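Participant: pasting the sequence and the predicted coordinates here, then a few questions.
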Amino acid sequence: MRAHQLIRQIIKQRTGIGIEEDRDSFIDIRLMETLQTLGLKNVEEWGNYYQKNWDKRSLEQGLINALTTNETLFFRDSRPFDFLAQFAFKEWIKEDPNKTRRIWCAACSTGQEPYSVSIVAEKFKQLNPLFKLEIVATDISSNVLDKAKIGAYSEFEIKRGLSPQDLNQYFSKTNQGWEIIPKVKQAIQFRSHNLLESYLELGQFDAIFCRNVLLYFDTPTKKDILEKMAKSLVANGYIFMGGSESPMNFVSCFKRSVDGTGEAFVKI
């Protein structure tokens with residue numbers, strides 16, 4: 001088996017993500033740093049190295065880290081965050097002001113999305129001090145999770161989506177850039193998780209962020225993921241998806257949210 005074909009097979013089996021056969025150059029470019037670290041000249045040498053190496057799990061994780069897409073920014077497509085602040089949080093605290101609510105950010109990448117959710121919650125708490133929120137943020141890439149847990153960002157990353165007010169209030173200046181303040185961090189649990197595997201260990205959620213994630217999966221995998229996410233949502237729980245995505249194309253247990261926000265869907 002050619003090395004590129006082997007790599008596509010591993011990524012499909014481990015993550016559910018399909019890489020088209022005409023994207024060998026994409027694999028070559030993404031694996032350049034990995035090859036250099038291993039002292040290998042090209043992808044074919046990686047294939048031979050993989051076949052002979054006993055620690056295949058570690059090599060496969062290296063592929064996942066290199067080949068999965070991790071594009072993100074703070075408050076990306078602001079409407080889901082506005083929906084939380086203006087509708088969901090108010091609804092939840094009206095229903096039960098003492099209940100701790102839970103939000104899951106799936107495929108959280110380097111952490112900008114869960115930190116954005118936590119910032120929205122901190123603002124809400126200023127007027128509603130009883131409000132309690134737990135955020136679970138997961139990704140399959142160990143590299144991006146390590147960065148997310150630290151919560152440190154460069155000037156370039158900070159400028160993507162953050163207002164000057166939020167920067168000054170929820171970040172502290174460092175020699176390398178900016179770091180999230182502790183009270184924003186403490187609401188978030190960062191965990192390694194594969195969307196192809198069981199969700200039971202994650203528990204139940206009041207809302208799930210799964211935005212621009214399913215684009216990389218085939219139809220049966222999208223359906224399977226959404227069915228499992230629906231089981232992980234409480235009754236009338238919300239799922240947030242990308243602007244061009246809809247769970248209603250794959251499963252029948254969601255409807256659009258009452259406020260008409262395109263990205264928010266409620267479990268029926």
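Facilitator: That came through fine.
Participant: using PDB, write down the CA coordinates of the longest helix along the chain.
Facilitator: Ranked by residue count and defined by DSSP state H, the top helix of the chain is helix 112-127. Taking Å, rounded to 0.1, in the frame of the first residue of the first chain, the C-alpha atoms of helix 112-127 are listed here in PDB:
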ATOM      1  CA  GLN A 112     -11.000  30.400  21.400                       C
ATOM      2  CA  GLU A 113     -14.600  29.100  21.300                       C
ATOM      3  CA  PRO A 114     -14.900  27.800  24.900                       C
ATOM      4  CA  TYR A 115     -13.100  30.900  26.200                       C
ATOM      5  CA  SER A 116     -15.600  33.100  24.300                       C
ATOM      6  CA  VAL A 117     -18.500  31.100  25.900                       C
ATOM      7  CA  SER A 118     -16.900  31.600  29.300                       C
ATOM      8  CA  ILE A 119     -16.500  35.300  28.700                       C
ATOM      9  CA  VAL A 120     -20.200  35.600  27.800                       C
ATOM     10  CA  ALA A 121     -21.000  33.700  31.000                       C
ATOM     11  CA  GLU A 122     -18.800  36.000  33.100                       C
ATOM     12  CA  LYS A 123     -20.600  39.100  31.700                       C
ATOM     13  CA  PHE A 124     -24.000  37.500  32.400                       C
ATOM     14  CA  LYS A 125     -23.000  36.700  36.000                       C
ATOM     15  CA  GLN A 126     -22.400  40.400  36.700                       C
ATOM     16  CA  LEU A 127     -26.100  40.900  36.700                       C
END
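Participant: which parts of that helix are buried?
Facilitator: 112-122, 124-125 (16 or more other CB atoms under 10 Å). The C-beta positions use only the backbone N, C-alpha and C, and glycine is treated the same way.
Participant: same question for stretch 6-20.
Facilitator: For stretch 6-20, by 16+ other CB under 10 Å, it's 6-8, 10-11, 14-17, 19.
Participant: thinking again about what came up before, of the buried residues of helix 112-127, which is the nearest to residue 101?
Facilitator: residue 121 (8.9 Å; CB to CB).
Participant: bridging residues for the closest residue to that closest one other than its chain neighbours?
Facilitator: Nearest non-adjacent residue to residue 121, counting by CB to CB, 6 or more residues apart in numbering: residue 133, 4.5 Å away. Residue 133 has these beta-bridge partners by DSSP bridges: residue 101.
Participant: so what pLDDT did residue 133 get?
Facilitator: Residue 133 is assigned 98 on the pLDDT scale.
Participant: for residue 39, see how far away it is.
Facilitator: 46 Å (CB to CB, to the nearest Å).
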